[in-house]
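Chemist: below is the sequence, then the predicted model.
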Amino acid sequence: MPLQSPLFVDDARLNACLVQDSAHVTQGSSGPHVAKIQLALLMIDGLAIDPAEIDAESYGASTASAVLAFKTARSILGPGQVTPDDIVGKRTVAALDAELLTKQSALDGIPQDYCGNENEAIA
């Protein structure tokens with residue numbers, strides 16, 4: 001099943017990651033797909049990523065640490081693994097997508113004017 005979250009759905013590179021081991025995202029990767037992974041990690045867990053890596057859309061050390069923290073918290077392991085790694089592969093991109101989809105569904109249920117008008121007095 002292809003990725004479904006609004007952030008990932010149309011990204012061919014991330015959809016390839018979902019089905020091909022050769023498309024795993026690792027340190028040294030760069031591009032818009034890396035920026036989407038970084039944004040997902042920020043949105044889901046608020047994980048810290050070096051602003052320079054974000055600006056460069058680069059999968060560097062801080063992105064790798066954030067991926068590792070995400071995977072560790074969820075015990076995401078590949079075949080034969082006993083500890084998580086910092087690679088975004090099939091299971092990781094699927095988990096990110098599922099959590100993004102859940103967050104989006106939760107947001108869809110909140111009225112757009114939920115917070116009210118900032119100019120209104122608080123009663």
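Modeler: That came through fine.
Chemist: residue contacts, the spatially most central residue of the chain?
Modeler: The C-alpha lying nearest the average C-alpha coordinate of the chain belongs to Ala40 (Cα atoms, centre = their mean; 2.8 Å). The neighbours of Ala40, taking Cβ atoms under 8 Å, 6 or more residues apart in numbering as the test, are 5, 7-8, 96, 99-100. In short, each C-beta sits where N, CA and C put it, glycine included.
Chemist: and the one helix or strand in the chain whose mean pLDDT sits lowest, what does it pack against?
Modeler: Of all regular secondary-structure elements in the chain, judged by mean pLDDT, DSSP states H and E, the least confident is helix 90-108 with a mean of 89. Judged by 3 or more Cβ pairs under 8 Å, 6 or more residues apart in numbering; DSSP states H and E, helix 90-108 is in contact with helix 12-19, helix 32-45, helix 61-74.
Chemist: chain center to the second one: distance?
Modeler: Spelled out, that is helix 32-45. The chain centroid and the centroid of helix 32-45 are separated by 4 Å, computed with Cα atoms, centre = their mean, to the nearest Å.
Chemist: averaged pLDDT, the helix or strand following that helix. What do you get?
Modeler: Next along the chain after helix 32-45, taking DSSP states H and E as the criterion, comes helix 51-56. Per-residue pLDDT values over helix 51-56 give a mean of 98.
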